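>>> Okay, predicted coordinates and the sequence, questions at the end:
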Amino acid sequence: DVKVTQSSRYLVKRTGEKVFLECVQDMDHENMFWYRQDPGLGLRLIYFSYDVKMKEKGDIPEGYSVSREKKERFSLILESASTNQTSMYLCASSSTFRARAGHGYTFGSGTRLTVV
Amino acid sequence: GENVEQHPSTLSVQEGDSAVIKCTYSDSASNYFPWYKQELGKGPQLIIDIRSNVGEKKDQRIAVTLNKTAKHFSLHITETQPEDSAVYFCAASNANRDDKIIFGKGTRLHILP
């Protein structure tokens, strides 16, 4: 069974801390994505990557950065966590080939981050 | 770019009744329309999708319809069951261009006993 694994289900961090959210996929997918999910706002794209060492800004990149050193791993970094970054964070991956075939994204289970 | 609108934001239906969630999209070049279901505490999971060369697709109790002219697509769930309670997201993309999938804001479906 294909999998996207997010390292933590729940995290509590203090304001100003540097936070790393890790995502690993075992499907050899080229594309990886980070979303945040907030009530009433749906899924908002933070950053995405189409290949190793490549990254592109999504709709709400401010306050975040990403790292993709290996194909299977895509990390989201909160340089200095703030309370307005309290949210559910979802990682997803897709295959370029499968996107053309119309197979969509595979999501992880999410990390609920609370910044206090 | 593509914009996807989804309605309603919340839907409550009696168990056994049908539920319909509607979406519109703006980019006529979009040709791939997936639907995701997110259960409590989990990430969204693909439940059904439709491509623009098809007007309707069914999988047991769920069906999707697509009206390319009107740029509307809908999810229909018949004979609803308690396990259908979840948040549902529609989405659209141009799979030929490897475009990012654009999601609607989601519909929270409550199945009432």
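Nice, I can see it.
>>> count of residues packed around residue 7?
Looking at chain A here, since you left the chain open. 15 (other CB atoms under 10 Å in any protein chain shown). Bear in mind the C-beta positions are built from the backbone N, C-alpha and C, glycine included.
>>> looking at chain B here, not the other one
B:His7: 14 surrounding residues under other CB under 10 Å.
>>> Would you agree it is in contact with B:Val20?
No: counting by CB atoms under 8 Å, B:His7 does not reach B:Val20; the two are 9.9 Å apart.
>>> quick one, what contacts A:Glu30?
A:Tyr50, A:Asp51, A:Lys71, A:Ser94, A:Ser95, A:Thr96 (CB atoms under 8 Å, 6 or more residues apart in numbering or on different chains).
>>> Please produce a ChimeraX select command covering the buried subset of the residues you listed.
Buried members of the contacts of A:Glu30, defined by 16 or more other CB atoms under 10 Å in any protein chain shown, are picked up in ChimeraX with:
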select /A:71,94,95
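>>> Show me the contacts of A:Glu30 that map onto strands.
Applying DSSP state E to the contacts of A:Glu30, the entries found in strands are A:Ser94.
>>> Next secondary structure after the lowest-mean-pLDDT helix or strand in chain A?
One helix or strand of chain A scores below all others by mean pLDDT, DSSP states H and E: helix A:96-101, with a mean of 54. Downstream of helix A:96-101, the first helix or strand assigned by DSSP states H and E is strand A:106-107.
>>> Any idea how far apart the tips of stretch A:16-27 sit?
Counting by CA to CA, to the nearest Å, you get 34 Å between the two ends of stretch A:16-27.
>>> wait, does that stretch contact chain B?
No: Stretch A:16-27 lies out of reach of chain B by CB under 8 Å from any CB of the partner chain, never closer than 10.7 Å.
>>> Other residues contacting that stretch?
Stretch A:16-27 has contacts (CB under 8 Å, 6+ apart) with A:2-8, A:11, A:13, A:32, A:34, A:72-81, A:89, A:91, A:93, A:95, A:106, A:108, A:111, A:113, A:115.
>>> Show me the strands in chain A, by range?
Along chain A, the stretches classed as strands by DSSP E are A:4-6, A:10-13, A:19-25, A:31-38, A:42-49, A:56-57, A:64-70, A:73-78, A:87-94, A:106-107, A:111-115.
>>> what lines up beside the first one in the sheet?
For strand A:4-6, the paired strands and their directions (DSSP bridges) read strand A:19-25 (antiparallel).
>>> Would you mark the buried spots in the partner strand?
Judged by neighbour count using 16+ other CB under 10 Å, the buried positions of strand A:19-25 are A:Val19, A:Leu21, A:Glu22, A:Cys23, A:Val24, A:Gln25.
>>> Equivalent analysis for stretch B:5-18, please.
B:Gln6, B:Leu11, B:Val13.
>>> related to what we said a few turns ago, which one of the buried residues of strand A:19-25 is nearest B:His76?
Taking CB to CB as the measure, B:His76 lies nearest A:Gln25 of the buried residues of strand A:19-25, at 31.6 Å.
>>> Name the nearest residue to the closest one, ignoring sequence neighbours.
Nearest residue to A:Gln25 in three dimensions, chain neighbours excluded: A:Ser93, at 4.2 Å (CB to CB, 6 or more residues apart in numbering or on different chains).
>>> Likewise for B:Val87?
Nearest to B:Val87 is B:Gln38, by CB to CB, 6+ apart, at 4.4 Å.
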